[in-house]
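Colleague: Just the structure for this:
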Amino acid sequence: MIEIMALLMFVGEPQKLTEMTYMPSVSECLTKRRIATRNSGSRVVYMCSRVKAELSEDNKILRIEKIK
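Modeller: Numbers count the residues shown, from 1 in each chain. Have a look, this model is predicted:
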């Protein structure tokens with residue numbers, strides 16, 4: 001497990017984590033969050049957060065242990 005920056009997508013009522021994407025930096029995460037928020041509906045919430053996660057060789061998040 002390593003600590004990384006991730007863009008998290010929560011959907012529905014109650015909100016449920018449905019997607020998680022590795023981001024190399026905070027600034028890139030905030031940029032992607034702004035774009036995604038503009039292009040999505042009102043029931044979708046995006047959040048940039050530092051997480052403890054397990055990554056695959058191609059930097060895809062396999063599982064998250066802890067959201068900070």
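
Colleague: What's the separation between Ala53 and Lys16?
Modeller: The span separating Ala53 from Lys16 equals 18 Å under the rule Cβ to Cβ, to the nearest Å. Quick note: C-beta positions are derived from backbone N, CA and C, even for glycine.

Colleague: the more surrounded of the two?
Modeller: Ala53 (20 against 9; other Cβ atoms under 10 Å).

Colleague: Relative to the helix or strand where that one lies, what are the paired strands and their orientations?
Modeller: Secondary structure here is read from DSSP states H and E; on that basis Ala53 sits in strand 44-55. Strand 44-55 has these partner strands in its sheet, going by DSSP bridges: strand 2-11 (antiparallel), strand 61-67 (antiparallel).

Colleague: For the longest one, which residues meet the burial criterion?
Modeller: Spelled out, it's strand 2-11. By neighbour count with 16 or more other Cβ atoms under 10 Å, strand 2-11 contains the buried residues 4-9.

Colleague: now that strand: mean pLDDT?
Modeller: Looking at strand 2-11 alone, the average pLDDT works out to 95.

Colleague: following it, which helix or strand comes up?
Modeller: The element immediately downstream of strand 2-11 (helix or strand, assigned by DSSP H and E) is strand 16-23.
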